[in-house]
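>>> sequence first, predicted model second:
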Amino acid sequence: MSSIVLFDGDCHICNWSIQFIMKRDPHGKFKFASLQGEIGQKLRRTYKVNPMLDSVLLVQNDRMWSKSTAALRICRSLTGPARLLSLLIFVPRPIRDTLYNFIARNRFHWFGRKNECQLPTKEERRRLLD
């Protein structure tokens, strides 16, 4: 069963992250949908996610994960050295999420907004749900 990663379609760092995941997920375990899209909105309602929560979300095994926990659970399924990042799950969540929130608050200032999208390859399109 595949897992669904919900991401901010307007964020450069989020889009870079999706490319990072795709390159390290050779079996295509992860599918992707934007938070702003129909599927993203439906999943947010299904799992009763606060509409103000601006975070990467991971739907896996009928559960939804957010913030640093979602990111680290994704890393656990990747190949190569990226998988080692999942060991950070042992850092207490309040500490992890404080750092996550700091980056999330500043991401548009540091990286800007995405006004145009890179055209996905045929393989990437197959994994996009929106």
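Here it is on my side, so go on.
>>> what distance separates stretch 20-33 from the middle of the whole chain?
Here stretch 20-33 is found 11 Å from its chain centre; the criterion is CA atoms, centre = their mean, to the nearest Å.
>>> would you put the C-alpha positions of stretch 50-60 in CSV?
Included here for stretch 50-60 are C-alpha records, laid out as CSV according to Å, rounded to 0.1, in the frame of the first residue of the first chain:
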residue,chain,number,x,y,z
ASN,A,50,-6.9,21.9,11.6
PRO,A,51,-7.2,24.0,8.4
MET,A,52,-4.6,26.4,9.8
LEU,A,53,-2.0,23.7,10.1
ASP,A,54,0.7,24.5,7.6
SER,A,55,2.8,21.4,7.6
VAL,A,56,3.9,18.4,5.5
LEU,A,57,1.4,15.7,6.2
LEU,A,58,1.8,11.9,5.8
VAL,A,59,-1.1,9.5,5.5
GLN,A,60,0.1,6.0,6.2
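>>> pLDDT score assigned to Leu85?
Leu85 carries a pLDDT value of 94.
>>> do I have it right that it meets Ser77?
No: contact status for Leu85 versus Ser77: not in contact, 11.3 Å apart, counting by CB atoms under 8 Å. C-betas here are computed from N, CA, C, even on glycine.
>>> more neighbours: which of these two?
Neighbour tally, Leu85 and Ser77, criterion other CB atoms under 10 Å: the higher count belongs to Ser77, 18 against 14.
>>> which parts of the host helix or strand of Tyr100 are buried?
Using DSSP states H and E, the element containing Tyr100 is helix 93-111. For helix 93-111, a neighbour-count test (16 or more other CB atoms under 10 Å) marks 96-97, 100, 104, 107 as buried.
>>> could the residues you listed be laid out in CSV, adding distance to Leu57 and pLDDT?
What follows is the buried residues of helix 93-111, written out as CSV (distance: CB to CB, whole Å; pLDDT from 0 to 100):
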residue, distance to Leu57, pLDDT
Arg96, 16, 96
Asp97, 14, 95
Tyr100, 12, 89
Ala104, 12, 80
Arg107, 16, 73
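>>> could you grab the helix/strand/coil label for the residue lying closest to Trp65 once chain neighbours are set aside?
Of all residues not flanking Trp65 in the chain, Leu58 sits nearest, at 4.5 Å (CB to CB, 6 or more residues apart in numbering). When classified by DSSP: H, G, I helix; E, B strand; the rest coil, Leu58 comes out as strand.
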